[in-house]
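Sequence and predicted structure are below.
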Amino acid sequence: GLFVVYLFNPGFSLSSDSSSSSSFRDYLLSSPDSDLFHVVIYLAPGDYHCFHSPTDWRVELRRHFPGSLMSVNPGVARWIKELFCLNERVVLTGQWQQGFFSLTAVGATNVGSIRIYFDQELQTNTPRYSKGSFHDHSYIADQTVKFAGEGGVALQKGESVGEFNLGSTIVLLFEAPKDFSFNLQPGQRIRVGEGLGSL
């Protein structure tokens, strides 16, 4: 299967006139020598629908946002502002060797089911949830989660994390040294296991 990268940003900037946004950015960063980076990976319906850990890291928190299931096709994503904030999604946040790390699985048309293998309690696309709400689950506090240990759920690079019912989108947002660079171009097709960037 293929992932299709259709948007990336080497560096994450927030406007200086938004004190709440910049303070949130500062809250995420563990070092003044770091910055925030993000990449959006689109999985087309014909692509591989499972997702794997891009690095060694510890997942500390799951936040589930019930929401819409609009298409995440690149053309639609460019047309609908904040599409990834409207669709149903599961955000996994934690730490890697460089600091903050997060992986967000975004639902899409006919992709209401987002499965996280180590979290059997997670149920997406169910009527009991109302749009606009969110639901947190701490892996640090929950000792019933398989693989849980001190600091959360440890994932290794390449490890299977979850799957979609069909193609959808993965958003990575992470802290890295300011000289981090992606080994990608917008629109580039990448294969499972291919490196996204280098420190």
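Received the coordinates, thanks.

from here on, contacts and neighbour counts on C-alpha atoms
OK.

any chance you could map the helices in this structure?
In the chain, the helices defined using DSSP state H lie at 19-28, 74-79, 83-86.

separation between the residue nearest to Tyr42 when sequence neighbours are not counted and Val90?
Closest residue in space to Tyr42, ignoring its immediate chain neighbours: Thr169 at 4.5 Å, by C-alpha to C-alpha, 6 or more residues apart in numbering. Distance, Thr169 to Val90, by C-alpha to C-alpha, to the nearest Å: 11 Å.

Return every residue with contacts to both of these two.
Ala105, Val106 (C-alpha atoms under 8 Å, 6 or more residues apart in numbering).

ok so, going back, residues near the residue nearest to Tyr42, how many?
Using other C-alpha atoms under 10 Å, Thr169 has 26 other residues around it.

Tell me how far Phe37 lies from Ile170.
Phe37 is 14 Å from Ile170, where distance means C-alpha to C-alpha.

OK, contacts around Pro54?
Going by C-alpha under 8 Å, 6+ apart, Pro54 touches Lys157, Gly158.

Mind pulling up the pLDDT for Gln95?
pLDDT, Gln95: 94.

cool, Tyr27 as well?
pLDDT, read off for Tyr27, is 83.

Excluding sequence neighbours, find me the nearest residue to Glu163.
Cys50 is the one closest to Glu163 (C-alpha to C-alpha, 6+ apart), at 4.0 Å.

Near that neighbour, how many other residues are there?
20.

Kindly report the same for the one 3 residues further on.
Here the number of neighbours of Ser53 (other C-alpha under 10 Å) works out to 16.

quick one: low-confidence parts of this structure?
Within the chain, the segments meeting pLDDT under 70 span 1-22, 67-87, 109-112, 125-132, 141-150, 167.

returning to what we had before: give the contact list for the residue nearest to Glu163.
Ser160, Val161, Gly162, Glu163, Phe164.

In strands, which of those appear?
Judged by DSSP state E, strands contain the following of the contacts of Cys50: Ser160, Val161, Gly162, Glu163, Phe164.

who wins for neighbours among those?
Using other C-alpha under 10 Å as the neighbour test, those are led by Phe164, with 23 neighbours.

wait, that one sits on Ser113?
Yes - using C-alpha atoms under 8 Å as the test, Phe164 is close enough to Ser113 to be in contact (6.1 Å).

Show me the common contact partners of the two, please.
Gly107.

I'd guessed Ala105 sits against Val171; true?
Yes - using C-alpha under 8 Å, Ala105 is in contact with Val171, at 6.7 Å.

Looking at the two, which is more packed in?
Each of Ala105 and Val171 has its neighbours counted (other C-alpha under 10 Å); Ala105 has more, 25 against 19.
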